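Trainee: coordinates only, sequence not included:
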């Protein structure tokens, strides 16, 4: 049995002698790995952008409805939490002249909302709320139903025909998301007409914080409040992210499947080109297993070198675009998952760096099967007789 280092040396000399063909194959593998590292990082960045847009608009990463009175911002502001928004909530009646509708009024802290949410950026007329200002910030749908505009007075009551306050409309917003655009109105918490009626909390996490860990911490609190992660109240987004990963996996398999066919065909050509040498080695007593190892070594050396180079090139490309981002606003302007920003920042993960080169090696080794069978089936006498 030949020594493995000797087989590696012979294999390297074979591919070096056909350096033009080797270079072409290496470029093919290099390009595939580089592109898939970048595309998988872009897919991760797209998922990050959809989560960031969805939770950053209003809801937060974790929400709690009917928040217990014994829980405040300090109790919820644990390690890994970037911000906690406490909101008062109750159903009201809004009326203007002959128009009357029911809505949900939310009492908020305007400065905190500006810091952690992007709802105020969706203002289409007027402006956002100011601290302690007796004013309403309503959706476009509510404004249309009441036939009001910025500066108009709206009566607020707890039942039809009653009035507990009359406030001016300071701003009108539109997000394109149903649950935010229908039946909601906002006011500063200081002027909320009924305190301790219903409280909710929205928790915003720092980048890289494990949402499950924060949920586990909250559930250990002595509270009847139910905390839910964004994956629970936005299951469609969770499924879309999972689908992105599955789709990316399919793309990787298809790409390297095609690349492996090219490698396999090229190595059959290598064998035909070096058929005399293979015949001589067979006549010298090289075993079929050694012939297979020789071919596998050649494929492995070529694929490994090209894969490592492609991995590095892909990582460098991702690091460059991760700083400036890729602006896809023109293609996402009507997408609810990009309602805040259409800029995507590719992000490298273990998935992005590990799987493209690993799949390249796996499919590269599979590509050695056909050439190996071709060599094994050829007898030394037939090869030498044909020369």
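Mentor: In hand now; what should we look at? Remember, it's a predicted structure, so these values are computed and weren't measured experimentally.
Trainee: alpha carbons only for contacts and neighbour counts from here, please
Mentor: Fine.
Trainee: residue 252: what's it in contact with?
Mentor: Going by CA atoms under 8 Å, 6 or more residues apart in numbering, residue 252 touches 36, 356, 359.
Trainee: now the helix or strand hosting it: buried residues?
Mentor: If you go by DSSP states H and E, residue 252 is part of helix 235-273. Neighbour counts over helix 235-273 (16 or more other CA atoms under 10 Å) mark 237-238, 241, 244-245, 248-249, 252, 255-257, 259-264, 266-268, 270-271 as buried.
Trainee: just name the closest of the contacts of residue 252 to residue 322, please.
Mentor: residue 36 (15.9 Å; CA to CA).
Trainee: list the contacts of that closest one.
Mentor: By CA under 8 Å, 6+ apart, the neighbours of residue 36 are 252, 314, 352, 356.
Trainee: and it, which of the three is it?
Mentor: Following DSSP: H, G, I helix; E, B strand; the rest coil, we place residue 36 in the helix state.
Trainee: can you read off the pLDDT for the nearest residue to residue 124 once chain neighbours are set aside?
Mentor: Among residues not flanking residue 124 along the chain, residue 173 sits closest, at 5.2 Å (CA to CA, 6 or more residues apart in numbering). At residue 173, the model reports a pLDDT of 95.
Trainee: any chance you could map the strands in the stretch 101-250 of the chain?
Mentor: 123-126, 135-139, 153-157, 165-173, 184-188, 199-205, 226-229 (DSSP state E, counting those that start in this stretch).
Trainee: now do stretch 37-49: distance to the chain's middle.
Mentor: Centroid separation for stretch 37-49 versus its chain: 5 Å, with CA atoms, centre = their mean, to the nearest Å.
Trainee: ditto for stretch 167-178
Mentor: Using CA atoms, centre = their mean, the mean C-alpha position of stretch 167-178 is found 29 Å from that of the whole chain.
Trainee: which parts of it are buried?
Mentor: Buried residues in stretch 167-178, defined by neighbour count with 16+ other CA under 10 Å: 167-175.
Trainee: for the longest strand along the chain, buried residues please.
Mentor: Criterion DSSP state E: the longest strand present in the chain is strand 81-96. Residues of strand 81-96 classed as buried: 81, 83-96 (neighbour count, 16+ other CA under 10 Å).
Trainee: same check, this time on stretch 71-78
Mentor: Buried residues in stretch 71-78 (16+ other CA under 10 Å): 71, 76-77.
Trainee: please, which helix or strand holds the most centrally placed residue in the chain?
Mentor: The centre of the chain sits closest to residue 47, judged by CA atoms, centre = their mean, with a distance of 1.7 Å. In this assignment (DSSP H and E), residue 47 forms part of helix 19-54.
Trainee: report the distance from whatever helix or strand comes next after that helix to the chain centre.
Mentor: Sequence-wise, the next helix or strand downstream of helix 19-54 (DSSP H and E) is strand 62-65. Taking the mean of its C-alpha atoms, strand 62-65 sits 23 Å from the chain's own mean (CA atoms, centre = their mean).
Trainee: what angle do helix 19-54 and the helix holding residue 252 make with each other?
Mentor: For helix 235-273 against helix 19-54, the angle between stretch directions is 180 degrees (axes from the mean of the first three to the mean of the last three CA atoms, to 10 degrees).
Trainee: how is the residue nearest to residue 223 when sequence neighbours are not counted assigned, secondary-structure-wise?
Mentor: Nearest residue to residue 223 in three dimensions, chain neighbours excluded: residue 68, at 6.3 Å (CA to CA, 6+ apart). Assigned with three-state DSSP, residue 68 falls in the coil class.
Trainee: ok so, going back, my guess is the residue nearest to the centre of the chain contacts residue 241, does it?
Mentor: Yes: under the criterion of CA atoms under 8 Å, residue 47 makes contact with residue 241 at 5.9 Å.
Trainee: could you report the pLDDT at residue 7?
Mentor: On the pLDDT scale, residue 7 is placed at 65.
Trainee: list the contacts of residue 223.
Mentor: The contact partners of residue 223, taken as CA under 8 Å, 6+ apart, are 68, 70-71.
Trainee: and it, backbone torsions?
Mentor: phi -150, psi 150 (degrees, to the nearest 10).
Trainee: which non-adjacent residue is nearest residue 226?
Mentor: residue 64 (5.7 Å).
Trainee: bridged to that neighbour, which residues?
Mentor: Applying DSSP bridges to residue 64 gives these bridge partners: residue 201, residue 227.
Trainee: hang on, it packs against residue 218?
Mentor: No: Residue 64 lies out of contact with residue 218 (CA under 8 Å); the separation is 10.1 Å.
Trainee: what do these two both touch?
Mentor: residue 227.
Trainee: count of neighbours near residue 38?
Mentor: 26 (other CA atoms under 10 Å).
Trainee: residues contacting it?
Mentor: By CA under 8 Å, 6+ apart, the residues touching residue 38 are 314-315, 317-318, 346, 352.
Trainee: per-residue pLDDT, it?
Mentor: Note on residue 38: pLDDT of 94.
Trainee: distance check, it against residue 363.
Mentor: Distance of residue 38 to residue 363, given as CA to CA, to the nearest Å: 20 Å.
Trainee: just residue 317 next, same as before
Mentor: For residue 317, the distance to residue 363 equals 24 Å [CA to CA].
Trainee: who's more crowded, the two?
Mentor: residue 363 (22 against 16).
Trainee: I figured the more buried one hits residue 260, correct?
Mentor: Yes: using CA under 8 Å, residue 363 is in contact with residue 260, at 5.6 Å.
Trainee: overlap of the contact sets of those two?
Mentor: Taking CA under 8 Å, 6+ apart as the criterion, residue 363 and residue 260 do not both touch any residue.
Trainee: residue contacts, residue 364?
Mentor: With CA under 8 Å, 6+ apart, residue 364 has these contacts: 260, 263, 299-300, 303.
Trainee: which parts of stretch 186-202 are buried?
Mentor: For stretch 186-202, by 16+ other CA under 10 Å, it's 186-189, 191-193, 198-202.
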